[in-house]
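K.L.:
attaching a predicted model along with its sequence, questions to come.
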Amino acid sequence: MIGLVLLISGCTNNCDKLEKKIGILIKSKNYCDTDSDCRVNSYSCPFGCHSLINKNANLDDVNNKIKEYYNKCVSCKYVCNLSPDQEGIKCENNKCVIK
């Protein structure tokens with residue numbers, strides 16, 4: 001029983017680390033020079049409904065880590081609101097924001 005608790009605890013810790021790493025990767029894709037550089041990319045729980053990213057960002061690393069997360073970790077589900085209109089997404093201080 002103790003071994004099982006340690007195994008589950010280790011998986012949870014690894015999943016928490018992977019989740020944080022994915023969050024950092026997603027945030028690193030949020031950069032812009034103009035409003036038209038920005039777009040919304042929706043990831044499932046626990047990575048958020050409306051991640052703002054650069055439309056030209058290479059998302060291979062993010063997508064691969066998310067696949068790894070869902071293969072190893074327990075996923076959660078929640079309902080997301082509709083994505084914001086593109087007109088409501090602006091570039092401010094080289095970051096995409098929702099206005």
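P.N.:
Received it, and whenever you're ready, just let me know what you need.

K.L.:
and the residue sitting nearest the centre point of the chain, what does it touch?
P.N.:
Residue closest to the average C-alpha location in the chain (Cα atoms, centre = their mean): F47, at 4.0 Å. Listed by Cβ atoms under 8 Å, 6 or more residues apart in numbering, the contact partners of F47 are E19, I22, G23, I26, I66. All C-beta spots, glycine's among them, are computed from the backbone N, C-alpha and C.

K.L.:
between those, which is closest to N94?
P.N.:
Nearest to N94 among the contacts of F47 is I26, at 16.4 Å by Cβ to Cβ.

K.L.:
okay, the closest residue to that closest one other than its chain neighbours and V62: tell me how far apart.
P.N.:
Leaving out its chain neighbours, the residue that sits closest to I26 by Cβ to Cβ, 6 or more residues apart in numbering is S51, at 5.0 Å. Taking Cβ to Cβ, to the nearest Å as the measure, S51 falls 9 Å from V62.

K.L.:
overlap in contacts, those two.
P.N.:
Counting by Cβ under 8 Å, 6+ apart, the residues touching both S51 and V62 are I26, K29.

K.L.:
neighbour-wise, which of these two wins?
P.N.:
The neighbour count for S51 versus V62, taken as other Cβ atoms under 10 Å, is higher for V62 (22 against 18).

K.L.:
thought I22 was touching the more buried one, still the case?
P.N.:
Yes: in this structure, V62 is within contact of I22 by Cβ atoms under 8 Å, at 6.7 Å.

K.L.:
that older thread, that's a helix at the residue nearest to the centre of the chain, yeah?
P.N.:
No: if the criterion is DSSP: H, G, I helix; E, B strand; the rest coil, then F47 is coil and not within a helix.

K.L.:
pLDDT wise, what is it at?
P.N.:
You'll see F47 listed with a pLDDT of 86.

K.L.:
check C96 too.
P.N.:
97.

K.L.:
partners of it in the sheet?
P.N.:
C91 (DSSP bridges).

K.L.:
what bits of this structure have low per-residue confidence?
P.N.:
1-11, 75 (pLDDT under 70).

K.L.:
same thing but at 80, please
P.N.:
1-13, 44, 74-84 (pLDDT under 80).
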